[in-house]
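Q: Build me a model:
(chains A and B)
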Amino acid sequence: GQNIDQPTEMTATEGAIVQINCTYQTSGFNGLFWYQQHAGEAPTFLSYNVLDGLEEKGRFSSFLSRSKGYSYLLLKELQMKDSASYLCAVFRAWSGGGADGLTFGKGTHLIIQP
Amino acid sequence: SQTIHQWPATLVQPVGSPLSLECTVEGTSNPNLYWYRQAAGRGLQLLFYSVGIGQISSEVPQNLSASRPQDRQFILSSKKLLLSDSGFYLCAWSSSLGETQYFGPGTRLLVL
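A: You can find the predicted model right below:
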């Protein structure tokens, strides 16, 4: 089966740093995505990790350890607009064969306080 | 640039009624297309996947079906809606060579 775990909710302060963890156990792994989803809106792409290590993109960084089945999203210099759900998703071979699909975690609701 | 459209934006339907949700992509050819559902308190669930016209793969059995009549058009249907079909339906696309999926604005469906 597929199992992707991330905390349900986290709270952080404006200007601070927060790390959102994701652990996964899936049959097949090609890479890991992070998406941001504001309430009532569609998810938007943040990052994609295929190899172990840290990928930095502005205020956001994403880390992957394939041997540990672990990833985290690091958000620096938090802003109020960063209040959203953050979705971890594993990119894996389609169960029916021949194509690839995403399996999502339930998301982490991040609350930014002034 | 590529854009993805979905309609309607919101829909309220009675139990047992049919459903048709449409998704279209502009600015790309031969995209991979996906239908997801996000129910309250649950993660995004992949419903259907398509690599080309008339080619549909189903991830989970259910009373929904999907069709791809044209290269950049993906339709989600049901003959008889259930209460459990309520949710936020998202269409996504990726290039035939890429992994990153880009989501449409979604359709919020409420079945009463």
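Q: who touches residue B:56 in this structure?
A: Residue B:56 makes contact with B:48-50, B:66-68 under the criterion CB atoms under 8 Å, 6 or more residues apart in numbering or on different chains. Heads up, the C-betas are built off the backbone N, CA and C, glycines and all.
Q: Show me where the chain has its strands.
A: Assuming you mean chain A. Secondary structure of chain A by DSSP state E: the strands cover A:3-5, A:9-13, A:18-25, A:31-37, A:44-49, A:53-57, A:60-65, A:70-75, A:84-93, A:100-104, A:108-113.
Q: nope, chain B
A: Assigned by DSSP E, the strands in chain B fall at B:3-7, B:10-13, B:19-26, B:32-38, B:44-52, B:55-58, B:64-70, B:73-78, B:87-94, B:102-103, B:107-111.
Q: can the fourth one be found next to chain A?
A: Put plainly, it is strand B:32-38. Yes. Applying CB under 8 Å from any CB of the partner chain, one finds that strand B:32-38 is in contact with chain A at B:32, B:34, B:36.
Q: How about the first one?
A: No. Strand B:3-7 stays clear of chain A (CB under 8 Å from any CB), getting no nearer than 8.7 Å.
Q: Contact partners for the residue lying closest to residue B:12 once chain neighbours are set aside?
A: Setting aside the residues directly before and after it, residue B:12 is nearest to residue B:110 in space (CB to CB, 6 or more residues apart in numbering or on different chains), at 4.8 Å. Residues counted as contacts of residue B:110 (CB under 8 Å, 6+ apart) are B:10-13, B:86.
Q: Among those, which one has the most neighbours?
A: For those, neighbours were counted by other CB atoms under 10 Å in any protein chain shown; the highest total belongs to residue B:86, with 18 neighbours.
Q: Residue A:42 versus that residue, what's the distance?
A: 18 Å (CB to CB, to the nearest Å).
Q: Could I get the pLDDT score of residue 70?
A: By default, I'm working from chain A. Taken from the predicted model, the pLDDT recorded for residue A:70 is 96.
Q: oops, I was thinking of chain B
A: Reported pLDDT at residue B:70 in the predicted model: 95.
Q: Just give the number of residues close to it.
A: Applying the criterion other CB under 10 Å, we find 10 residues in the vicinity of residue B:70.
Q: Equivalent analysis for the one 4 residues further on, please.
A: Other residues within reach of residue B:74 by the criterion other CB under 10 Å amount to 29.
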